[in-house]
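Undergrad: this is a predicted model, with the sequence first.
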Amino acid sequence: MPNEAEADSRSPVTEPVEPPVSIRREWCKACGICIEFCPKKVFDADEEGHPIIARPEECSSCQICEQLCPDFAVSVRRKRRAPKS
Amino acid sequence: MVAPEDGSGRTDVLSYLRVDRFPHLWCPGCGHGIVLGALVRAIMRLELDPRRVVVVSGIGCAARAAGYLNFDGVHTTHGRAIAFASGIKLARPELEVIVITGDGDLAAIGGNHFVHACRRNMGITVVCFNNSIYGMTSGQYSPMTPYHAMATTAPYGHIERPFDLCALAAGCGATYVARGAAYFPARLADYIAGGLRHKGFAFIEAVTQCPTYFGRRNKMPRGVDLLRWQKERAVPVERAARMTPEELEGKFTVGVFRDAEELEYTEEYDRIIALAGYREGGESGCPAPGR
């Protein structure tokens, strides 16, 4: 998880923060599809065009990036359900 | 990756893929991985037993998908995937036989196999990765290259009209016919799942993108540009029914075009075996059908 530290510093959520989305950089070919079509604009491009998870707190776990990634390099954890009281 | 003893261990998309061969060979921005993902999600949703799935492909970029799927499969000769798949289905009708093919493989060299498979209505599922071009051999036009588009072998613009593959399949008798696009992967998975559930011959055209050899020559050099093109041009079949031919100019329709129940070939074949008096281990006038 290369972006864990970044996520921690940005997200206001109190429980241990790990972005729901993760990128396997060794499979990523920097096509830019996830960056372009994420409805919440979670990703920015690094200097080589690979996505970086710039705004993890915006991720709605819609999985559009996962389904549109041609390289199976993006995966999204489904949102955890609110614990029953 | 070793296939699990039973299907229960497969819980996510990657568990159906031979990830030890990743990154795959497709170009940056190529849509084939998106279509492959949709196919896997359809198989997951139906909880098909991986031991009963056979993937058959021909030659071309799309055909390489068979090698990334963690099922038994056959990577056959150019255009002949449907012929091999027909043999497998006849010998083992209980198997789920899936053909992965490209537009050149299916509609050009394999065109004759395709039309007759539609006519026979054998219960196999054909998924055509239509990227409008021969990508693997560097961008020659295919039967699906749009009118006036540029290709390596059409440097002044293509003067042939492409097939409407879905109309062709339906006209030849295919009983399940649908078209989706890489830009709409969830709906594409729905269409493929519909085809897998269907009893007769199912044909699903997946409009996908080749940025390297189609896009670059047609002012859409990135996968992103071609996906945006799909987003803007796709019209659901229900809405298309209320549009004029002029309004539909330059668009393509998506949706399920045909879903009909008709006699399935292997069932007919079983009936003929019974008619001919074949008994397991017994005397009969016909040779053992080998199953």
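TA: Thanks, I have it.

Undergrad: how about stretch B:162-171: buried residues?
TA: B:162-166, B:168-170 (16 or more other Cβ atoms under 10 Å in any protein chain shown). The C-beta positions use only the backbone N, C-alpha and C, and glycine is treated the same way.

Undergrad: could I get it in CSV with only the CA atoms?
TA: The C-alpha coordinates for stretch B:162-171 follow below in CSV (Å, rounded to 0.1, in the frame of the first residue of the first chain):
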residue,chain,number,x,y,z
PRO,B,162,-19.0,-2.9,-41.8
PHE,B,163,-21.3,-5.7,-40.8
ASP,B,164,-24.0,-5.2,-38.2
LEU,B,165,-22.8,-8.4,-36.4
CYS,B,166,-25.8,-8.6,-34.2
ALA,B,167,-28.2,-8.3,-37.1
LEU,B,168,-26.2,-10.9,-39.0
ALA,B,169,-26.3,-13.3,-36.0
ALA,B,170,-30.0,-12.9,-35.5
GLY,B,171,-30.7,-13.2,-39.3
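
Undergrad: ignoring the adjacent residues along the chain, who's closest to residue 25?
TA: Went with chain A since none was named. Closest residue in space to A:Arg25, ignoring its immediate chain neighbours: A:His50 at 6.2 Å, by Cβ to Cβ, 6 or more residues apart in numbering or on different chains.

Undergrad: oops, I was thinking of chain B
TA: Nearest to B:Leu25 is B:Arg64, by Cβ to Cβ, 6+ apart, at 6.2 Å.

Undergrad: please name the residues that touch that neighbour.
TA: Counting by Cβ atoms under 8 Å, 6 or more residues apart in numbering or on different chains, B:Arg64 touches B:24-26, B:32, B:57, B:75.

Undergrad: partners of the most centrally placed residue in chain A in the sheet?
TA: Here the mean C-alpha position of chain A is nearest to the C-alpha of A:Val21 (Cα atoms, centre = their mean), at a distance of 3.1 Å. Assessed by DSSP bridges, A:Val21 has beta-bridge partners A:Val76.

Undergrad: list the residues that contact it.
TA: A:42, A:53, A:56, A:59, A:61, A:65-66, A:74-77.

Undergrad: what subset of those residues is buried?
TA: A:42, A:53, A:56, A:59, A:65-66, A:74-76.

Undergrad: show only the entries of the residues you listed found in helices.
TA: Taking DSSP state H, the ones among those that sit in helices are A:65-66.

Undergrad: got TSV for the contacts of B:Arg64, with pLDDT too?
TA: What follows is those, written out as TSV (pLDDT from 0 to 100):
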residue	pLDDT
B:His24	98
B:Leu25	97
B:Trp26	98
B:His32	98
B:Ser57	98
B:His75	97
